[in-house]
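J.: mind looking at a prediction? Sequence and model below.
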Amino acid sequence: MKLIIAGSTGLVATEILRQALSIPAITSIVGLARRETSVPDNLRPNADPSKLKSVVVSDFENYPDTVKQQLAGADACIWTIATTPDQLRSMTSEQSRNISLDYMVYGLETMAKVANSPFRFAYISGAKSERDQTKRPMVLPEFCLMRGECENRVLDFAKQSNGRVVGGIVRPGVIDAPGRSNFMLTFAGGLVRAVIGLPKCHVTEISATLLESCITGFEKETLLNEDLIRIGQKSMAERKTGP
């Protein structure tokens with residue numbers, strides 16, 4: 001299986017890559033990012049770093065032919081590119097929408113033209129994303145609605161593709177990882193997280209779930225935080241890809 005990891009230099013993507021290099025079913029990995037994708041640290045003994053091909057793209061709304069050639073024949077993509085709540089303090093809502101929505105839509109459209117069929121597209125969203133655009137969430141309303149719109153675009157594209165694309169959404173809460181400083185993890189502490197009902201999962205669990213879904217298929221259209229923990233832990237135990 002040929003896998004694309006979009007945004008491959010990020011924290012979650014790095015763990016996805018670390019695990020993917022140890023899974024025999026994944027024979028080729030394209031690390032797609034604005035800068036060179038490095039082989040992660042702490043690889044398992046059976047990892048095969050030669051499976052990774054780093055592909056640099058300077059503009060996620062303009063894929064040159066040389067990049068499209070590297071994406072051709074892919075079987076799945078895990079899309080990790082999106083803004084986070086803490087970044088909203090340093091950019092406008094239009095900039096956030098461009099990165100989270102426009103990049104994803106253009107990337108999906110581009111990949112679908114050159115990928116194998118069926119092409120599995122896994123999109124990392126968030127626990128409080130809202131697909132119903134007539135609602136107004138209590139916390140970060142514009143951000144949650146925008147992420148819900150991203151989900152809608154993925155699922156609608158898949159439904160209109162006549163089976164060529166299979167879309168799957170994962171909705172983690174707070175993604176915990178060693179050394180990570182996360183706005184939603186620290187924002188007013190655990191009391192606020194409890195009030196708004198924001199759950200937590202570990203980066204290894206969401207990574208394992210995403211990889212399992214790309215290899216064997218999505219258990220259901222939308223995987224919630226509890227699904228990520230359950231599937232991820234089971235997959236890591238069976239595939240021996242844990243820390």
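T.: Arrived safely. Being a predicted model, the structure only gives us computed values, none of them experimental. Residues are numbered from 1 along each chain as shown.
J.: got the CA coordinates for the host helix or strand of Val55 in PDB?
T.: Element membership of Val55, judged by DSSP states H and E, is strand 52-56. C-alpha atoms of strand 52-56 as PDB (Å, rounded to 0.1, in the frame of the first residue of the first chain):
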ATOM      1  CA  LEU A  52       9.800   7.100   3.000                       C
ATOM      2  CA  LYS A  53       9.900   9.500   0.100                       C
ATOM      3  CA  SER A  54      10.000  13.100   1.200                       C
ATOM      4  CA  VAL A  55       8.200  15.400  -1.200                       C
ATOM      5  CA  VAL A  56       8.400  19.200  -0.700                       C
END
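J.: same for that strand, what does it pack against?
T.: Contacts defined by 3 or more CB pairs under 8 Å, 6 or more residues apart in numbering; DSSP states H and E place strand 52-56 against strand 28-33, helix 65-71. (Each C-beta comes from the backbone N, C-alpha and C, glycine too.)
J.: spatially nearest residue to Leu198 (excluding sequence neighbours)?
T.: Gly173 (4.7 Å; CB to CB, 6 or more residues apart in numbering).
J.: what's the burial count for the closest residue to Ser28 other than its chain neighbours?
T.: The spatial neighbour of Ser28 that comes closest, neighbours along the chain excluded (CB to CB, 6+ apart), is Lys2 at 4.2 Å. Using other CB atoms under 10 Å, the number of residues around Lys2 comes to 19.
J.: OK, contacts around Lys2?
T.: Thr27, Ser28, Ile29, Val30, Gly73, Ala74, Asp75, Ala76, Asn116 (CB atoms under 8 Å, 6 or more residues apart in numbering).
J.: now do 10 Å
T.: Counting by CB atoms under 10 Å, 6 or more residues apart in numbering, Lys2 makes contact with 26-30, 51, 53, 71-77, 115-116.
J.: PyMOL command for the buried members of those residues?
T.: Those of those that count as buried under 16 or more other CB atoms under 10 Å are selected in PyMOL with:
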select buried, resi 26+29+30+51+71+74+75+76+77+115
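J.: out of the contacts of Lys2, which comes closest to Pro64?
T.: Pro64 lies nearest to Leu71 out of the contacts of Lys2, by CB to CB, at 11.0 Å.
J.: for the protein, what spans make up the helices?
T.: For the chain, the helices defined by DSSP state H cover 11-20, 65-71, 93-97, 103-114, 141-159, 183-186, 189-196, 203-216, 225-239.
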